[in-house]
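Undergrad: Would you be able to build a 3D model of this:
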Amino acid sequence: MIGALLTGIAASPWGRAALRYGAIALAVLLFLLALRRFGERAGRLAERLETTEKANDVHRQMLEAAARRPRDRNELAQRLRDGSF
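TA: Numbers count the residues shown, from 1 in each chain. Prediction:
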């Protein structure tokens, strides 16, 4: 049924032109939808990267703070006496 309809449309020059422009329009539409989807995916990946960078920065700060901490009670007392804590 549909094949016969397309064959009838494709038989006339106007029908062939309409099918050609319809195919081009469909291809452009599909390309734009794929491009939009790719942009959304890139945005999600950028957001995930930013979140990971923030978490890594906080983790690095915690490790630096742990490296600067007093090793024992005597060192803590000495820092408190010196005022360098």
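
Undergrad: tally of neighbours for Ala18?
TA: A count of neighbours around Ala18, defined by other CB atoms under 10 Å, yields 13. C-beta here means a position set from N, CA and C on the backbone, and glycine is covered the same way.

Undergrad: so where is the protein shaky, pLDDT-wise?
TA: Counting by pLDDT under 70, the chain shows low-confidence ranges at 1-10, 85.

Undergrad: those helices in it, which residues are they?
TA: Listed from the start of the chain, the chain has helices (DSSP state H) covering 2-11, 13-68, 73-82.

Undergrad: Give me the helices and strands touching the longest one, please.
TA: Where contact means 3 or more CB pairs under 8 Å, 6 or more residues apart in numbering; DSSP states H and E, helix 13-68 is packed against helix 2-11.

Undergrad: if I look at Tyr21, how far off is Leu35?
TA: Tyr21 sits 21 Å away from Leu35, taking CB to CB, to the nearest Å as the criterion.

Undergrad: ugh, wrong one, Ile24
TA: Using CB to CB, which is the criterion applied here, Ile24 is 16 Å from Leu35.

Undergrad: tell me how far stretch 73-85 is from the chain's mean position?
TA: Here the centre of stretch 73-85 is set off from its chain's centre by 48 Å, with CA atoms, centre = their mean, to the nearest Å.

Undergrad: Could you report the neighbour count for Ser76?
TA: Ser isn't right for residue 76; it's Leu. Other residues lying near Leu76 total 13 when counted by other CB under 10 Å.

Undergrad: quick one: it from Arg20, how far?
TA: Note on Leu76: its distance to Arg20, by CB to CB, is 82 Å.

Undergrad: Over to Glu75?
TA: Glu75 is 83 Å from Arg20, where distance means CB to CB.

Undergrad: Name all residues that make contact with the residue of the chain most remote from its centre.
TA: For the chain, the C-alpha lying farthest from the average C-alpha position belongs to Arg81; by CA atoms, centre = their mean, that distance is 51.6 Å. Taking CB atoms under 8 Å, 6 or more residues apart in numbering as the definition of contact, Arg81 has no neighbours.
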